[in-house]
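>>> Sharing a sequence plus its predicted fold:
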Amino acid sequence: MTDIKLTEYSHGAGCGCKIAPAVLDTILGQTQKGPDFPNLLVGNHERDDAAVFDLGDGTAVISTTDFFMPIVDDPLTFGRIAATNAISDVYAMGGTPMMAIAILGWPIDKLPPEVAGLVVEGGRQACADAGIPLAGGHSIDSPEPIFGLAVNGRVDIKNLKKNGGAKPGDELFLTKPIGVGILSTAQKKKKLKPEHAHLAAEQMVRLNKIGVVLGTLDYVHAMTDVTGFGVLGHLTEMCRASETTATVRLADVPLIDEAILDHYLAEGCIPGGTKRNWASYGHHVTLSTDRQKWLLADPQTSGGLLCSVAPEQADTFREICMLHEISIEAFGTMGPAQTDKLVQVL
């Protein structure tokens with residue numbers, strides 16, 4: 001089993017497997033509007049991270065699901081990353097996860113069931129780190145390996161965070177550096193240097209537990225996690241939901257390692273998901289270089305939390321993040337609604 005490389009059995013990688021935003025808009029646009037449910041606080045109208053249902057006692061249940069194909073070769077690590085990514089949706093809403101159910105698709109004619117067992121064990125380990133049980137699941141025979149979770153959580157409604165709510169003047173923060181898609185593509189192209197193999201995985205297996213803390217801060221006006229649509233995609237969703245615009249300073253955006261990412265970009269390690277992302281929302285973005293595009297539309301897997309923070313509380317926000325071992329600086333600002341250009345990159 002040690003010779004098996006999971007990424008060779010899938011056409012995509014991690015959240016780069018996501019359907020492009022424009023195609024997703026078409027799919028969801030075909031969905032007929034159903035009956036109104038007054039207790040449904042958050043559905044899919046603003047592309048939030050999870051659904052939220054009011055329990056009537058001042059709290060709400062958060063429900064989400066996320067799954068994808070391998071982004072690393074090691075099955076245990078793949079399971080941990082997929083589970084961490086799914087649990088993140090609850091943290092991104094300011095909630096506390098309670099329980100998870102596994103989703104497994106496995107090519108039983110190509111890969112041993114023991115490898116699938118390691119993937120599930122990786123998922124269980126991530127759940128244990130989050131303090132929740134992996135309580136069951138469902139599996140199918142699939143042409144490609146797929147793993148993820150359906151996760152339930154709970155939140156005090158007063159602490160609920162959404163895409164919407166950002167205000168002009170807010171400062172933008174991101175709790176994890178970006179570049180996962182570029183490094184994953186380098187791996188699939190067999191161009192990733194051995195000394196760089198750990199860089200993406202180290203970010204992807206880190207839980208966004210700080211979301212529970214950030215949910216209690218009323219000066220965090222909006223929050224989402226950055227995954228397959230890249231920084232620009234999730235930021236344009238935030239702008240739409242908040243009726244704002246945004247300015248991004250690329251020099252201040254946290255990167256896994258600037259020199260390393262530039263090396264792989266020069267080697268042509270640009271994910272297909274990056275190009276699909278840009279084709280979907282590039283008309284809403286003003287920028288001046290391809291490098292800005294390739295970095296900021298790069299699909300992330302198990303990425304950090306994108307937060308829109310009241311400027312007068314930015315220093316306090318940074319201090320709280322530091323207490324949780326997250327070094328962070330603002331990389332942009334929110335502005336008033338203007339034209340169809342939602343984001344400007346400097």
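Arrived safely.

>>> name the element the closest residue to Ala126 other than its chain neighbours belongs to?
Nearest residue to Ala126, sequence neighbours excluded (C-beta to C-beta, 6 or more residues apart in numbering): Ala83, at 3.6 Å. C-beta here means a position set from N, CA and C on the backbone, and glycine is covered the same way. Per DSSP states H and E: Ala83 is located in helix 75-92.

>>> quick one, phi psi at Thr286?
phi -110, psi 120 (degrees, to the nearest 10).

>>> Show the contacting residues for the nearest residue to it once chain neighbours are set aside.
Nearest residue to Thr286 in three dimensions, chain neighbours excluded: Gln344, at 4.6 Å (C-beta to C-beta, 6+ apart). Counting by C-beta atoms under 8 Å, 6 or more residues apart in numbering, Gln344 touches Thr245, Ala246, Thr247, Val248, Val285, Thr286, Leu287.

>>> okay, Gln344: pLDDT?
On pLDDT, Gln344 comes in at 97.

>>> With Leu55 instead?
Confidence at Leu55, expressed as pLDDT, is 98.

>>> was I right about it contacting Leu40?
No. Using C-beta atoms under 8 Å as the test, Leu55 is too far from Leu40 to be in contact (11.7 Å).

>>> Which secondary structure state does the spatially most distant residue from the centre of the chain sit in?
Here the chain reaches farthest from its C-alpha mean at Asp109, the gap being 31.3 Å by C-alpha atoms, centre = their mean. Following DSSP: H, G, I helix; E, B strand; the rest coil, the label given to Asp109 is coil.

>>> need the contact list for it.
Asp109 neighbours (C-beta under 8 Å, 6+ apart): none.

>>> residue boundaries of the strands in the stretch 151-300 of the chain?
Using DSSP state E, counting those that start in this stretch, the strands of the stretch 151-300 of the chain run over 171-174, 220-225, 244-248, 285-286.

>>> Nearest to Ala150 among these would be which one?
Nearest of the strands of the stretch 151-300 of the chain to Ala150, taken as C-beta to C-beta: strand 220-225 at 16.6 Å.

>>> Could you spell out the sheet neighbours of the closest one, each with its direction?
Strand 220-225 has the following strand partners under DSSP bridges: strand 305-309 (antiparallel).

>>> neighbouring contacts of the helix or strand just after the strand it pairs with?
For strand 305-309, the following helix or strand on the C-terminal side (DSSP H and E) is helix 314-323. If you take C-beta under 8 Å, 6+ apart as the criterion, helix 314-323 is touched by 171, 173, 175, 210, 213-214, 217, 219-220, 307, 309, 327-330.

>>> Of the contacts of Gln344, keep whichever come out buried.
Thr245, Ala246, Val248, Val285, Thr286, Leu287 (16 or more other C-beta atoms under 10 Å).

>>> my guess is the last one meets Leu295, correct?
No. Here Leu287 lies out of contact with Leu295, judged by C-beta under 8 Å, at a distance of 10.2 Å.

>>> that older thread, sticking with the residue nearest to Thr286, tell me its helix or strand.
Here Gln344 is assigned to strand 343-345, by DSSP H and E.

>>> With Phe147 instead?
Going by DSSP H and E, Phe147 is part of strand 146-156.

>>> buried stuff in that strand?
For strand 146-156, burial by neighbour count (16+ other C-beta under 10 Å) applies to Ile146, Phe147, Gly148, Leu149, Ala150, Val151, Asn152, Gly153, Val155.

>>> Output these in a markdown table; the columns should cover pLDDT and distance to Ala130.
Putting the buried residues of strand 146-156 into a markdown table (pLDDT from 0 to 100; distance: C-beta to C-beta, whole Å) gives the following:
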| residue | pLDDT | distance to Ala130 |
| --- | --- | --- |
| Ile146 | 96 | 21 |
| Phe147 | 97 | 16 |
| Gly148 | 97 | 14 |
| Leu149 | 98 | 10 |
| Ala150 | 98 | 14 |
| Val151 | 98 | 9 |
| Asn152 | 98 | 12 |
| Gly153 | 98 | 10 |
| Val155 | 98 | 15 |
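
>>> Would you mind giving those residues as TSV with distance to Trp278 added?
Output for the buried residues of strand 146-156, formatted as TSV (distance: C-beta to C-beta, whole Å):
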residue	distance to Trp278
Ile146	26
Phe147	28
Gly148	25
Leu149	29
Ala150	30
Val151	30
Asn152	34
Gly153	32
Val155	33
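
>>> now, which of the residues you listed sits nearest Gly303?
Taking C-beta to C-beta as the measure, Gly303 sits nearest to Gly148 out of the buried residues of strand 146-156, at 15.4 Å.

>>> That closest one is in contact with Ser88, isn't it?
No. Checked against C-beta under 8 Å, the pair Gly148 and Ser88 is beyond contact range at 11.6 Å.

>>> residue contacts, the closest residue to Leu55 other than its chain neighbours?
Closest residue in space to Leu55, ignoring its immediate chain neighbours: Val61 at 6.1 Å, by C-beta to C-beta, 6+ apart. Counting by C-beta under 8 Å, 6+ apart, Val61 makes contact with Val52, Phe53, Leu55, Asn152, Gly153, Arg154.

>>> so can I have JSON lines of those showing distance to Leu261?
Listed next are the contacts of Val61 as JSON lines, based on distance: C-beta to C-beta, whole Å:
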{"residue": "Val52", "distance to Leu261": "35"}
{"residue": "Phe53", "distance to Leu261": "40"}
{"residue": "Leu55", "distance to Leu261": "44"}
{"residue": "Asn152", "distance to Leu261": "36"}
{"residue": "Gly153", "distance to Leu261": "33"}
{"residue": "Arg154", "distance to Leu261": "38"}
